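1. structure for this input, please:
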Amino acid sequence: MFPSKFSPNALSQERGSASTDQNFLKTLQCPIPGIMNDKVTVCSTLCEEKSPPTDCGHGAWTYLGAAFTLETIIWSFTSTKHIFASSVATSCMHVFWSQGVGYGIGGAALYHPALSFLPEWFSARRGLANGVIFAGTGLGGLIFPFLINTLLGKFGVKETLQIISCVMAVMMGICVILIRPRILKVSNRSISVIEGPFGTLKGATCTSKNSLTGFARQIRWPFAIYLLSNTIQAIGYYIPNLYLPSASNSSSYRCGAIISRIVVGILSDHYSPHLIGAVTSLAGGASTLLLWGGLGNRGYIPLLTYSFLFGCTSGAWTSLFFGVVRVWLRSPHLTMTTYGIISLTRGLGNIIAGPISSKLISITIPRTEIRTGFDVDSYSKVIWFSGFGLIGTFILELILWILQ
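-> Numbers count the residues shown, from 1 in each chain. Okay, here's the model as predicted:
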């Protein structure tokens, strides 16, 4: 939306390539806040008897509401001061440094530490909390584009971005105040033994190095399969978001994602996250091939239906992250390190999807009669790649469910 308001000649570039800078910076930072948080957790003796209850009460719901709001703001807009900087941008590089570099640094640095308190506040309902928080992304993506369009028409680019910057600063400040740890009393003792699903890690000390060491010692091929599955799913998931550009398709997708992230989060508290991941990946891959590929040339209704179904299936993947951590990690002291590594591999998938899809769509194919969505322009290779990527994720998740 914003690039169209700047100079078209200065900012025009392929969608796949344009998305890489922002995803790259966010991806590099994913494990860092998790490692730092696990360092604090390992060094703490926790006073559970004096702490608020988990899964209920004023403290838990206050945290959930604040984290939901923060999620909505961060992934719907860019970081506050960098939005302000982009309001005076006059070239493509200005936008790169403000909404690309600034977004990656500001968003990841604020988002992951806030999310690190979720395992403290929610235990039995952790999947529900995970789904509710991530539903904020869908809600923000559904509402804010229309709000921004209205502001752009009334105030112009510079004033709109400055208004957004001020509103974000106030709202994020309130959220940061409300997001607090459940366990307040800590001491500087170290944990000598950490139990993991593949053995015992002895002699843990209060260093960030031990978070990575503990994670590395717990890595076995089942979890490595999940990291591969997570990366492949990200590649297949990201492509439709790049090449279904209309506002109607995006809104339809967001509506499906809001519903599915909450529902899948609730289900992950009761069923295997790998079984849920297998079912949603199969449904997402099938809908990509049948609706986008098979019926994509037959008007707007099939594409709207596909966008909604894709949001209902593949859009809920991130709601399973804490469920996966719970399956493969018995010790709570490496929760956020593991979560950060999962986020890292998903970010790598997002980065890879851009150049691959740009290369695929640039391949010219002989013109034929347009009978299906595969025959529209050069989208056939992209559709096949995305659909079979999600089906490959289904196979890997099915294997993990059997192993689990």
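2. which SSE is immediately downstream of the helix or strand where residue 303 lies?
-> Applying DSSP states H and E as the criterion places residue 303 in helix 300-313. Scanning forward in sequence from helix 300-313 by DSSP H and E, the next helix or strand is helix 321-328.
3. which secondary structure elements does that following helix contact?
-> Applying 3 or more CB pairs under 8 Å, 6 or more residues apart in numbering; DSSP states H and E, one finds that helix 321-328 contacts helix 126-155, helix 221-243, helix 273-287, helix 335-362. (Glycine included, C-beta is placed from N, CA and C.)
4. in TSV: those helices, plus mean neighbour count.
-> Output for the helices and strands packed on helix 321-328, formatted as TSV (neighbours: other CB atoms under 10 Å):
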stretch	mean neighbour count
helix 126-155	19
helix 221-243	21
helix 273-287	23
helix 335-362	22
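5. reformat these as TSV; add distance to residue 267 and mean pLDDT.
-> Below are the helices and strands packed on helix 321-328 laid out as TSV (distance: least, CB to CB, whole Å; pLDDT from 0 to 100):
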stretch	distance to residue 267	mean pLDDT
helix 126-155	7	83
helix 221-243	17	89
helix 273-287	6	95
helix 335-362	19	86
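6. and those helices: which comes nearest residue 168?
-> Relative to residue 168, the nearest member of these by CB to CB is helix 126-155, separated by 10.8 Å.
7. the inter-axis angle of that closest one versus helix 221-243?
-> Inter-element angle recorded for helix 126-155 and helix 221-243: 20 degrees (by axes from the mean of the first three to the mean of the last three CA atoms, to 10 degrees).
8. who are the packing partners of the helix or strand that comes right after helix 126-155?
-> Next along the chain after helix 126-155, taking DSSP H and E as the criterion, comes helix 157-178. Using 3+ CB pairs under 8 Å, 6+ apart, the elements in contact with helix 157-178 are helix 57-74, helix 80-86, helix 103-115, helix 126-155.
9. turn those into JSON lines, including distance to residue 259.
-> As requested, the helices and strands packed on helix 157-178 are exported to JSON lines (distance: least, CB to CB, whole Å):
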{"stretch": "helix 57-74", "distance to residue 259": "15"}
{"stretch": "helix 80-86", "distance to residue 259": "29"}
{"stretch": "helix 103-115", "distance to residue 259": "21"}
{"stretch": "helix 126-155", "distance to residue 259": "8"}
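10. out of the ones you listed, the one nearest residue 324 is which?
-> helix 126-155 (10.4 Å).
11. which helices and strands sit right next to the closest one?
-> Using 3+ CB pairs under 8 Å, 6+ apart, helix 126-155 sits against helix 57-74, helix 118-121, helix 157-178, helix 247-268, helix 321-328.
12. now mean pLDDT and distance to residue 313 too, for those, in CSV please.
-> Below are the helices and strands packed on helix 126-155 laid out as CSV (pLDDT from 0 to 100; distance: least, CB to CB, whole Å):
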stretch, mean pLDDT, distance to residue 313
helix 57-74, 86, 21
helix 118-121, 85, 24
helix 157-178, 83, 30
helix 247-268, 86, 7
helix 321-328, 88, 16
